[in-house]
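A.B. asks: Quick one: sequence plus predicted model below, questions after.
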Amino acid sequence: MIAVWICRVLGVLFTAAGVVTFVAGDSADFAHNTVHLVSGLAALGFGFTGWARAFAVAFGGAYLTLGAVGLALGELHAGPLHLMTGDNVFHVGLGSVVLLGGLLSRHRQVAR
């Protein structure tokens, strides 16, 4: 059940962060806010399916890779996304936890 709970908690937090930044009018990084909102909704959705483990492994791996590349290159400007050192450290930490949670979960858990 680790991946299920990771997806549900991550989904709520990222969706809330995306909504709050849009409502607060933080349009400085529209793309970054959109990524948080979309990934939060996806995590929340996968948290109620048998695909939570796959999502956690893919999401965790992607975030870990993004953070590691960002730390190696410094400030990262990938298209409309602007990622600072703090973002990269956060991505490495979060990606590691989510990936590990996904890898420690059983295959095809039934969400309850």
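C.D. replies: That came through fine. Numbers count the residues shown, from 1 in each chain.
A.B. asks: can you map out the helices along the protein?
C.D. replies: 2-23, 30-46, 52-73, 85-104 (DSSP state H).
A.B. asks: Report the separation between His82 and Leu66.
C.D. replies: 13 Å (Cβ to Cβ, to the nearest Å). Backbone N, C-alpha and C define where each C-beta goes, glycine included.
A.B. asks: where do the contact lists of these two overlap?
C.D. replies: Taking Cβ atoms under 8 Å, 6 or more residues apart in numbering as the contact criterion, no residue touches both His82 and Leu66.
A.B. asks: Those two: who's more crowded?
C.D. replies: A count of neighbours by other Cβ atoms under 10 Å puts Leu66 above the other of His82 and Leu66, at 19 against 14.
A.B. asks: And for Val38, the neighbour number?
C.D. replies: By other Cβ under 10 Å, 13 other residues sit near Val38.
A.B. asks: Apart from its neighbours in sequence, what residue is nearest it?
C.D. replies: The shortest distance from Val38 to any non-neighbouring residue, by Cβ to Cβ, 6 or more residues apart in numbering, is to Gly18 (7.6 Å).
A.B. asks: Skip the chain neighbours and tell me the closest residue to Val35.
C.D. replies: Leu81 (7.2 Å).
A.B. asks: swap in Leu44?
C.D. replies: Here the residue nearest Leu44, using Cβ to Cβ, 6+ apart, is Gly11, at 2.8 Å.
A.B. asks: Kind regards, and thank you for your time.
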